[in-house]
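Asks: this one's sequence-less:
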């Protein structure tokens, strides 16, 4: 639970090894078993959880429903799942498994119509679009993806408009440059996206301390996500799953 | 996983029946109830003549699609004819389907509650309303006993329940404007938020419901 005005959301990445964590989308570090980790977050009463399965097999086979069901069973808070969702059919199966929100990237970029199909079926609040951005030398942003693809020719402004127009409930905006750094969000990126759409924005990439969340909200985000911050502790990045509780002293400074 | 069996005053086994008409996600609700040790069954179509002591109506999706599926499953007719003998809890869209209708669609709701569903003004408010929010207890009800300041529930919706009759609202929440977060009229209860996704606060509510 938190007293910020916006949601604070752990983002968990998963591949065939289990939970992993990347830095600028590279050099994955093994974190642990997904079920155990999620159980811990559940016990800490997190606001919401996002689980992204970024293993390559998801592209061909679609979501691992058996794993997702097990995860959903551990969640007494909203669960968003992303990774290999191809179409409305995949989304329906995920909803049946207990997922609140389906998170799409590639499928939506290929065809905005799939956003509308899912939004029409389950409501806008059930579909989020995840977009990853890298900052260019001229300060502008380009769309990026984990398999190192740069989506050339996609105009960011038009893309965001289309995503909103087709009924997406919210967007998860990840700064590739800041990911894993724990040095703060890319506030320019958040402000830029905020100027383009009116639906909720979940900021991701770079969170390292509580004041980062505040900055993200000030910049226009409605929710703040974090990966490394909730998985590692200390300078040497020992793995320890953590999430702010009411008792946390530093946290109290930011209670509104 | 079966919990300790509860029995009502006649000695009948207390079971919570979740309406499984394809308009919501019964598994999350069933999951939390199981955790609480409550027996649960998922029922796609009602058996005529059967008495269901506790009915939960989950709902995700659009109003028209929801009410049509509820009609097709036989549950709409069953609820309207038998609501006096069941405690009913509508959740999210499920709560909205108990009202007379919604700006979201053209179909009529079950009209068991004199209220109507309106859309949040997306020109003024970030829509959908997604996130944790407080509820205020306006009148004594069986679901949420006090206005506890730390108590929050998870909301995820673009439409909300509104009534001209202020008496309807048992729980009030504010998002831009005030709206009905929960009602209780006789046996018929509804909450806009998702107790099954509101961890300890939702568990308390579902436990309260199952004890009725």
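Replies: On my side now, so go ahead. None of these values were measured; they are calculated from a predicted model.

Asks: Any stretches of chain B with poor pLDDT?
Replies: Low-confidence segments of chain B (pLDDT under 70): B:1-13, B:149.

Asks: quick one: the residue lying farthest from the centre of chain B from residue B:178, how far?
Replies: If you look at how far each residue of chain B sits from its centre, by C-alpha atoms, centre = their mean, the farthest one is residue B:123, at 27.9 Å. Going from residue B:123 to residue B:178 by C-beta to C-beta, to the nearest Å gives 18 Å. C-beta here means a position set from N, CA and C on the backbone, and glycine is covered the same way.

Asks: where exactly do the strands run in the chain?
Replies: As the question left the chain open, I've gone with chain A. Using DSSP state E, the strands of chain A run over residues A:7-15, A:18-23, A:26-32, A:49-53, A:79-82, A:101-104, A:127-135, A:141-144, A:170-175, A:201-204, A:223-226, A:232-233, A:238-239.

Asks: think we crossed wires, I meant chain B
Replies: So, for chain B - with DSSP E - the strands run B:15-19, B:39-43, B:54-57, B:87-91, B:116-119, B:129-134, B:136-137, B:152-157, B:159-162, B:169-175, B:177-185, B:188-191.

Asks: Turn the ones you listed into CSV, including distance to residue A:187 and mean neighbour count.
Replies: What follows is these, written out as CSV (distance: least, C-beta to C-beta, whole Å; neighbours: other C-beta atoms under 10 Å in any protein chain shown):
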stretch, distance to residue A:187, mean neighbour count
strand B:15-19, 44, 23
strand B:39-43, 46, 16
strand B:54-57, 43, 26
strand B:87-91, 37, 27
strand B:116-119, 32, 18
strand B:129-134, 21, 21
strand B:136-137, 34, 16
strand B:152-157, 27, 24
strand B:159-162, 32, 23
strand B:169-175, 26, 21
strand B:177-185, 30, 22
strand B:188-191, 37, 27
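
Asks: any chance of the ones you listed in a markdown table, with distance to residue A:100 too?
Replies: Below are the strands of chain B laid out as a markdown table (distance: least, C-beta to C-beta, whole Å):
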| stretch | distance to residue A:100 |
| --- | --- |
| strand B:15-19 | 17 |
| strand B:39-43 | 18 |
| strand B:54-57 | 17 |
| strand B:87-91 | 13 |
| strand B:116-119 | 20 |
| strand B:129-134 | 10 |
| strand B:136-137 | 25 |
| strand B:152-157 | 7 |
| strand B:159-162 | 17 |
| strand B:169-175 | 18 |
| strand B:177-185 | 18 |
| strand B:188-191 | 16 |
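
Asks: could the ones you listed be laid out in a markdown table, adding distance to chain A?
Replies: Converted to a markdown table, the strands of chain B look like this (distance: least, C-beta to the nearest C-beta, whole Å):
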| stretch | distance to chain A |
| --- | --- |
| strand B:15-19 | 13 |
| strand B:39-43 | 12 |
| strand B:54-57 | 15 |
| strand B:87-91 | 13 |
| strand B:116-119 | 11 |
| strand B:129-134 | 5 |
| strand B:136-137 | 17 |
| strand B:152-157 | 4 |
| strand B:159-162 | 9 |
| strand B:169-175 | 12 |
| strand B:177-185 | 15 |
| strand B:188-191 | 15 |
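
Asks: of all the ones you listed, which lies closest to residue A:191?
Replies: When the strands of chain B are compared by C-beta to C-beta, strand B:129-134 sits nearest residue A:191, at 20.6 Å.

Asks: who's in contact with that closest one?
Replies: Strand B:129-134 is contacted from outside by A:1, A:6-7, A:47, A:125, A:169-170, A:200, A:222-223, B:120, B:149, B:151-158, B:160, B:173-175, B:181, B:193, B:198, using C-beta atoms under 8 Å, 6 or more residues apart in numbering or on different chains.

Asks: ok, it: who's next to it in the sheet?
Replies: Strand B:129-134 pairs in its sheet with strand B:152-157 (antiparallel), by DSSP bridges.

Asks: Figure out how far the partner strand is from the centre of its chain.
Replies: Computed by C-alpha atoms, centre = their mean, to the nearest Å, the chain-centroid distance of strand B:152-157 equals 13 Å.
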